[in-house]
Structures are given as structure tokens and as C-alpha cells.
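A.B. asks: Sequence and predicted structure are below.
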Amino acid sequence: MSLLHVNTSQKPAYVDLHIHSTASDGTLSPKEIIETAEKAGLRAIAIADHDTVEGSVEALQYQDSSSVEILSAIEISASVDYGAMHILGYLMRLDDTAFRRAVGVVQEGRVNRNRQIITRLQDLGFDISYDEVSGASGGGQIGRPHFAQVLVNKGFVQNIDEAFIKFLRKGRPAYVERYRLTPVDAMQTILQAGGVPVLAHPFTLNAKTEGDLDRIVAGLKQAGLKGLEVYYPAHGPVRTAQYESLAHRHELLITGGSDFHGALKPEIHMGFGRGDLRIPYRLVEELKQSASSSKYSD
């Protein structure tokens, strides 16, 4: 099952549907995330790690003993010619063979990219090894933040931001592009596993105008998009209102999350972002309704 049902009638009404664990680039394990969510009084969470569901798989093992409802989730980076597009997936069947195969291809692309980054950093004169970066990941999926952390640990840069600005950001000397699914393939991969595809933090698309963003979302909706991440720490009141209107205009579900990474983003708190984020449980109910009505559902 992608979601185990629990009695939530007595729980607070707030949720966080965008959390990262040590399975990708977060600093808390799935178990620690659940414990943090319980202390925060959250009613439901989704561990949406980058291009992997291992965080969700591990978290769901604790569902029976937890007061927090746990949704299966993933965040897939899609290939676009503008900005950055991330597709969140919710309530997939985690044992779906085609889904796991597609995710595996993406992960293989990450491994190939990571080895090329090591080579580029070494060519730049940095004494850095793949084993060191793997150690920084805690055994989870390696991402650019782990390279940045090693550069900080070894005194090559002062902080993670400097590592990205000087070396790891797109266009910088150690950046390497990696294999990504197309937006359509990412959404279809989620849909065919019974899940619900949602466009994450739309501002990262770098759409030049509201009209451009509207056209992008309209195209995604036609290709299978079911929701829009409206509530997010970096959106602010103006963007939140804009995205809420956009979701209503295209009859899309509304979701939200803190994009919690633990110590990598210490100013972001699970469930509450910078302190003013409040995501109601009814959005989870709407996600579950959408998943259950899908032609791909069990």
C-alpha cells in the first residue's frame, strides 16, 4: 500500500507535504523526521526525496507506531529548457515495477553525473574523493549539497552557498548536467503507479510573465498534471495568491510543504516554514480522493 490509514480524528489539522530525508539531501533520517513531526503536532507528512522513494519506504515502516499519517512521495527533477521543473508525486504504489524501473534509470544518471563532478573538482586542484562525498551523504543518495559539504569540511570554501556559487551551480566549472525524465514522462510515471503528480514551487520555472506561467501550466495539465504546490516558504503572500488563482483557474489540486532539509536549511522548520506556513489537512483528503479516482488506482 502507498498509504496506511490511521485514526486521525483527534490530531491537529496541519500537515507538511514536502520534506527531505537522508535518503536524498536532508540531514534527518525518516525516523527522526517522524519524531520531529510528532513533536510539532503535525497530522500528516510526506517525505518527497529527490528522485528516490527510499525515504518513504523506510518511513512507512513506522506508520503503525506513529501518530502521524505518512504519505508516499517523491520529487522528480524534469528536463526543461527554462528554469528548473520539479514534479512531486504522491500516493504512488511503491512496489510498482514500471515506476521503480523509471526511478532507477534516473538514479543511474545521478551516479554518472556525480563521478564526473568528482573528476572536475579534482581537475580544479581539489583533493576530494568519491568516498568522502559518499560519507557526507550518510549512505543515502548523493547530491550536490554533499559535494558542497565536503568542500566546506576540508576548508576549500567557507560555506555551502559559496561552494554552489563558485563551483557547483549551473554554469560553474564543476557543474555537470544529468539525465532527467521529460515532464510528460515524469507525470506519467507517477500516474501509472496510481499517484498524483503536482508541480513543485512554480517560481523555479523562471517564467517571464504570468501569461507564460499560465501557458506552461495549461500544457502540463493537458499532459496529466493534477496539482500545484501553492503553500511554500519562499512564495510570500503575492505569489501564494497568484498560484492559488492559477490552480483554481486550471482546476488543479492545491498542495504545500516546507521543503524541510534539516541542518542544510536551518531557517526552515518542518510544518511551519519560517514560522508563517500553515497547510490544512483537507489538502491531504483531496489528494487521496484524486488518487482513488485515478484510472491507474488499484
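C.D. replies: Everything's here; your move.
A.B. asks: can you tell me how far residue 156 sits from residue 148?
C.D. replies: To residue 148, residue 156 is 10 Å away according to CB to CB, to the nearest Å. Backbone N, C-alpha and C define where each C-beta goes, glycine included.
A.B. asks: which residues are common contacts for those two?
C.D. replies: residue 163 (CB atoms under 8 Å, 6 or more residues apart in numbering).
A.B. asks: which regions of the protein sit below the pLDDT cut-off?
C.D. replies: 1-12, 297-298 (pLDDT under 70).
A.B. asks: Just the element for the residue nearest in space to the middle of it, please.
C.D. replies: Most central in the chain under CA atoms, centre = their mean is residue 75, positioned 3.6 Å from the mean C-alpha point. Per DSSP states H and E: residue 75 is located in strand 73-78.
A.B. asks: Please name the residues that touch the residue nearest to the residue nearest to the centre of the chain when sequence neighbours are not counted.
C.D. replies: In space, and not counting its chain neighbours, residue 75 is closest to residue 48: 4.4 Å by CB to CB, 6 or more residues apart in numbering. If you count contacts by CB under 8 Å, 6+ apart, residue 48 has them with 17-20, 73-75, 88-90, 257.
A.B. asks: Spit out the contact partners of residue 106.
C.D. replies: Residue 106 neighbours (CB under 8 Å, 6+ apart): 51, 76-77, 179-181.
A.B. asks: ok, it to residue 78 distance?
C.D. replies: Taking CB to CB, one finds residue 106 at 10 Å from residue 78.
A.B. asks: shared neighbours of those two, which are they?
C.D. replies: 180-181.
A.B. asks: Can you show me the helices along the chain?
C.D. replies: All helices of the chain, identified by DSSP state H, fall at 30-40, 54-60, 97-123, 130-136, 144-153, 160-163, 183-192, 210-222, 236-249, 282-293.
A.B. asks: CA atoms of the first one as PDB?
C.D. replies: These are the backbone C-alpha positions of helix 30-40, laid out as PDB (Å, rounded to 0.1, in the frame of the first residue of the first chain):
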ATOM      1  CA  PRO A  30      13.000   9.100   8.100                       C
ATOM      2  CA  LYS A  31      12.600   8.000  11.700                       C
ATOM      3  CA  GLU A  32      13.900  11.400  13.000                       C
ATOM      4  CA  ILE A  33      11.600  13.200  10.600                       C
ATOM      5  CA  ILE A  34       8.600  11.300  12.000                       C
ATOM      6  CA  GLU A  35       9.700  12.100  15.600                       C
ATOM      7  CA  THR A  36      10.100  15.800  14.700                       C
ATOM      8  CA  ALA A  37       6.600  15.800  13.100                       C
ATOM      9  CA  GLU A  38       5.100  14.200  16.200                       C
ATOM     10  CA  LYS A  39       6.700  16.900  18.400                       C
ATOM     11  CA  ALA A  40       5.400  19.600  16.100                       C
END
